[in-house]
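**Student:** pasted the sequence and its predicted model underneath.
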Amino acid sequence: MQPKIQTKIRKAIFPVAGMGTRLLPQTKVVPKEMLPILDKPIIQYAVEEAIEAGIEEFIFVSSKGKNAIEDHFDAHPELVSMLQNRSKVKELKILEDISFTPGQVAVVRQPYPLGLGHAVWCARHLIDDDYFAVLLPDDVIMNKISCLAQMSSAFAEKQGAYAAIMEVAPSQIHLYGAIATDLSQDKKSLPIANIVEKPKKEEAPSNLAVIGRYILPKSIFGILEQTPKGAGGEIQLTDALKALIGRVPFYGHVFEGARFDCGTKLGLVEANIAFGLQQDDIKDDLKKILKQYGAF
């Protein structure tokens, strides 16, 4: 009997344990993932992306002082009752869109700040499928079809590990992990031959940079257990990804859409402007405001 091939990604890990020091002082009390882009917190964009991709179970790897994240997706009977009594249909729909059935959401703690690789490893006991997704909420992506949905479609056709990649200016590649690949292949599933973390411009194998969306095999947990501490004294996911090459098919997926680094002040401001210009009820007034500051 042939083993069953997994073609659908059901579970996703959201590493949300970071302290958000680049956005202090606002992140001293408020988790960076709860900072707003318009009327939604950053984390909600990542969760909605996962829902669009068909994710059924949501795993938050959190830390002390971040209860607001799980509370945001928890039931709030008193608020629902108040909205029902006041016939607030629109507001009730907003709450309904971020509600989950019992068991769909799990929260595990990363007790020490030991890096992204360690955060993913902390969720190992909740993953029983051969492949699962990882979404870094700092990377907010605006597009018609969500980035993870695009990657999931590629995975359904060609199983293996995937990393979302995008072209960046050569002068910016030192800020990312850059992949070595055969550019003549299908950009939905570019075979990854190597990943070079934060290379100098002249040493980068390409200007294709890895960003915070992954489809990974369950075997990554065993690799992470054997991965020594790397840059910053932390267990780096990139180091484990390099060790993954050659063990399973590993592809880069050039996604469609605009990505915003909302772990930085400029990225967060840019995301608010970009999403605001897409929102019918405020875009005209926003253009007027931007014009006052010489943007138009």
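**Tutor:** Structure received.
**Student:** and the next helix or strand past the helix or strand bottoming out on mean pLDDT in the chain?
**Tutor:** The weakest-scoring helix or strand in the chain, judged by mean pLDDT, DSSP states H and E, is helix 89-96 (a mean of 86). Following helix 89-96 in sequence order, the next helix or strand is strand 105-109 (DSSP states H and E).
**Student:** what is that following strand packed up against?
**Tutor:** Under the contact criterion of 3 or more CB pairs under 8 Å, 6 or more residues apart in numbering; DSSP states H and E, strand 105-109 touches strand 57-62. Where C-beta positions appear, they are placed from N, C-alpha and C, glycine not excepted.
**Student:** so what touches the strand it packs on?
**Tutor:** Residues outside strand 57-62 that contact it (CB atoms under 8 Å, 6 or more residues apart in numbering) are 10-17, 47, 50, 69-70, 73, 100, 103-110, 119-120, 122-123, 126-127.
**Student:** how long is stretch 115-124 end to end?
**Tutor:** 15 Å (CA to CA, to the nearest Å).
**Student:** which parts of the protein are helices?
**Tutor:** Along the chain, counting by DSSP state H, helices occupy 42-52, 67-72, 77-85, 89-96, 116-121, 147-157, 220-226, 237-244, 265-276, 283-292.
**Student:** pick the most deeply packed of those helices.
**Tutor:** Counting by mean count of other CB atoms under 10 Å, helix 116-121 has the highest mean neighbour count of those, with a mean of 24.
**Student:** who are the packing partners of that one?
**Tutor:** strand 11-15, helix 220-226, helix 237-244.
**Student:** what do you get if the cut-off is 10 Å, keeping everything else the same?
**Tutor:** On a contact count with 3 or more CB pairs under 10 Å, 6 or more residues apart in numbering; DSSP states H and E, helix 116-121 meets strand 11-15, strand 57-62, strand 131-135, strand 208-217, helix 220-226, helix 237-244.
**Student:** the third one pairs with which strands, parallel or anti?
**Tutor:** Counting by DSSP bridges, the strands paired with strand 131-135 are strand 11-15 (parallel), strand 208-217 (antiparallel).
**Student:** kindly reformat those as CSV containing mean pLDDT.
**Tutor:** Formatted as CSV, the strands paired with strand 131-135 follow (pLDDT from 0 to 100):
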stretch, mean pLDDT
strand 11-15, 98
strand 208-217, 95
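**Student:** need the ones you listed in a markdown table with mean neighbour count, can you?
**Tutor:** Listed next are the strands paired with strand 131-135 as a markdown table, based on neighbours: other CB atoms under 10 Å:
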| stretch | mean neighbour count |
| --- | --- |
| strand 11-15 | 25 |
| strand 208-217 | 24 |
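**Student:** mind putting those in CSV, distance to Val254 included?
**Tutor:** What follows is the strands paired with strand 131-135, written out as CSV (distance: least, CB to CB, whole Å):
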stretch, distance to Val254
strand 11-15, 21
strand 208-217, 7
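**Student:** so which of those strands comes closest to Val80?
**Tutor:** Nearest to Val80 among the strands paired with strand 131-135 is strand 11-15; the distance by CB to CB comes to 24.5 Å.
**Student:** picking up where we left off before, the least confident helix or strand of the chain vs helix 77-85, what angle?
**Tutor:** Interaxial angle, helix 89-96 versus helix 77-85 (axes from the mean of the first three to the mean of the last three CA atoms, to 10 degrees): 150 degrees.
**Student:** for helix 89-96, packing partners?
**Tutor:** Applying 3+ CB pairs under 10 Å, 6+ apart, we find helix 89-96 packed against helix 77-85.
**Student:** may I have the beta-bridge partners of Phe14?
**Tutor:** With DSSP bridges as the rule, Phe14 is bridged to Phe60.
**Student:** same thing with Lys40?
**Tutor:** Per DSSP bridges, the residues bridged to Lys40 are Ile37.
**Student:** re earlier: out of the helices of the chain, which gets nearest to Thr21?
**Tutor:** Using CB to CB, the helices of the chain put helix 265-276 closest to Thr21, at 12.1 Å.
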